[in-house]
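**Student:** dropping a prediction and its sequence here:
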Amino acid sequence: MNSSDKSKPLAPVFVRRPQFWRVAKRCCQIAGTVDVAFFFLFHAFGSPILAWVNVISVSMYVLAYQALARRRNRLAIALIWTEVIVHAALGTLLIGWDSGFHYYLLMFIPALFLSMQLRAALVSLVSLWAFYVVLDAVMWAIEPLQPISRSALLAVHLFNLSVVFAMFSYLSFFYLKIVNSAQRKLRQMAATDPLTGLFNRRHMIDSAERELARFERNRHPIGVLLLDIDHFKTINDSHGHDVGDKVLVEVANSINSQLRTQDLIARWGGEEFLAVLPDTDLEQARAIAERVRQALMQQSWCFDGKPVAVTISVGISEFEEGDELKSPIKRADKALYRCKDNGRNRVEVCSGFDKIA
């Protein structure tokens, strides 16, 4: 970094969070509506200066909304900050601290941390605190410049308190929504293969362990399929890895479409897939595997205008008494090798009676 870079002021860095900016647009609409209500309210209370200030405020929120719609977020934030700070200061100076206009400044606190990176948010927070303290101190030293009746002041105070309470509730609900959405995405990322969208190996092991525990309790049959795309290396070498990835995705989708809702399917590694089939014996597992194989054979495989030969081999086993999880997978793997020895594009079964080398 050169010296000219160091001399540049640190500008706020806004977080790329589309949900927040959509909510900011909604807040502009709400705030504009509130200011329209204020226009009539202050005319009724005999405070024309504040009444016409709200006309300017509505215009600023309209401009901020349009800026957000055009993704000019910095301009929108500048307009919103200016409106709220100036409006809160004017309202407080003219009719007093008890009007509650200063409450609107507090609404920036959660918005800062939702819209900015931490350092910029902290700097803005300190600046906001300093402004708030100065405004409070000034109102201790002077009387309101355009006081209104006590009953009118109470009405304005309750109105401001209600609006800020509602807006805080709305922002809190939005924040909770963001947290829940982020947690769901993290769980999904931890459980799925990024290419095919199927379960990844780690999540499949956890799920299969639970199925094994269930098998040990009730002895309901559980089938295991180990599926392997035939000659996948040749596909990669002949057509390129991009086509290979497309084949993996399409095969994953095809397998998944032939399985039942309760079945578990994962990308086990490379071009291999593992399926765990609850309440399924060997014969039923064989029928499902054959259905998957036939579906792939009947599908037209063509990428970038070039035909690709895609078939699959399937090794089958089932959970048996005394098994560890690796045991039925080893038996399915043995059956898969038998498929390869016998020409591929076929289904083979391996039970506990078969010797595993």
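**Tutor:** Arrived safely.
**Student:** please count neighbours and contacts with C-alpha atoms only from this point.
**Tutor:** Fine.
**Student:** just the strands from this protein, written as ranges.
**Tutor:** Counting by DSSP state E, the chain has these strands, from start to end: 222-229, 264-269, 272-278, 302-303, 306-307, 312-318, 347-349.
**Student:** want to throw those strands into JSON lines with mean pLDDT and mean neighbour count?
**Tutor:** Listed next are the strands of the chain as JSON lines, based on pLDDT from 0 to 100; neighbours: other CA atoms under 10 Å:
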{"stretch": "strand 222-229", "mean pLDDT": "97", "mean neighbour count": "27"}
{"stretch": "strand 264-269", "mean pLDDT": "95", "mean neighbour count": "21"}
{"stretch": "strand 272-278", "mean pLDDT": "97", "mean neighbour count": "24"}
{"stretch": "strand 302-303", "mean pLDDT": "88", "mean neighbour count": "14"}
{"stretch": "strand 306-307", "mean pLDDT": "89", "mean neighbour count": "10"}
{"stretch": "strand 312-318", "mean pLDDT": "96", "mean neighbour count": "28"}
{"stretch": "strand 347-349", "mean pLDDT": "95", "mean neighbour count": "24"}
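**Student:** wait, which of those is closest to residue 160?
**Tutor:** Of all these, strand 264-269 sits nearest to residue 160, with 54.5 Å by CA to CA.
**Student:** with distance to residue 210 added, can I get the strands of the chain in TSV?
**Tutor:** Shown next, in TSV, are the strands of the chain (distance: least, CA to CA, whole Å):
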stretch	distance to residue 210
strand 222-229	12
strand 264-269	12
strand 272-278	11
strand 302-303	39
strand 306-307	41
strand 312-318	15
strand 347-349	23
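**Student:** which one of those strands lies closest to residue 202?
**Tutor:** With CA to CA, the closest approach to residue 202 among the strands of the chain belongs to strand 264-269: 9.0 Å.
**Student:** show me what that closest one is packed against.
**Tutor:** In this structure, strand 264-269 packs against helix 201-218, strand 272-278, with contacts taken as 3 or more CA pairs under 8 Å, 6 or more residues apart in numbering; DSSP states H and E.
**Student:** and among the ones you listed, the most buried is which?
**Tutor:** By mean neighbour count, with neighbours taken as mean count of other CA atoms under 10 Å, strand 272-278 ranks first of those at a mean of 24.
**Student:** please parse this protein into its domains.
**Tutor:** 12-190, 201-349 (automatic domain parsing).
**Student:** could you tell me the least trusted of the ones you listed?
**Tutor:** The weakest mean pLDDT among those belongs to domain 12-190, with a mean of 86.
**Student:** how far out from the middle of the chain is that one?
**Tutor:** 27 Å (CA atoms, centre = their mean, to the nearest Å).
**Student:** next one: stretch 321-338
**Tutor:** Per CA atoms, centre = their mean, the displacement of stretch 321-338 from the mean C-alpha position of its chain is 37 Å.
**Student:** who touches that stretch?
**Tutor:** Here stretch 321-338 makes contact (CA atoms under 8 Å, 6 or more residues apart in numbering) with 208-209, 212, 216, 224-228, 313-320, 347-352, 354, 356.
**Student:** buried sites along it?
**Tutor:** Of the residues in stretch 321-338, 325, 327-338 count as buried by neighbour count, 16 or more other CA atoms under 10 Å.
**Student:** any chance of these in JSON lines, with distance to residue 281 too?
**Tutor:** Output for the buried residues of stretch 321-338, formatted as JSON lines (distance: CA to CA, whole Å):
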{"residue": "325", "distance to residue 281": "17"}
{"residue": "327", "distance to residue 281": "16"}
{"residue": "328", "distance to residue 281": "13"}
{"residue": "329", "distance to residue 281": "15"}
{"residue": "330", "distance to residue 281": "17"}
{"residue": "331", "distance to residue 281": "15"}
{"residue": "332", "distance to residue 281": "14"}
{"residue": "333", "distance to residue 281": "17"}
{"residue": "334", "distance to residue 281": "18"}
{"residue": "335", "distance to residue 281": "16"}
{"residue": "336", "distance to residue 281": "18"}
{"residue": "337", "distance to residue 281": "21"}
{"residue": "338", "distance to residue 281": "20"}
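**Student:** much appreciated, bye for now.
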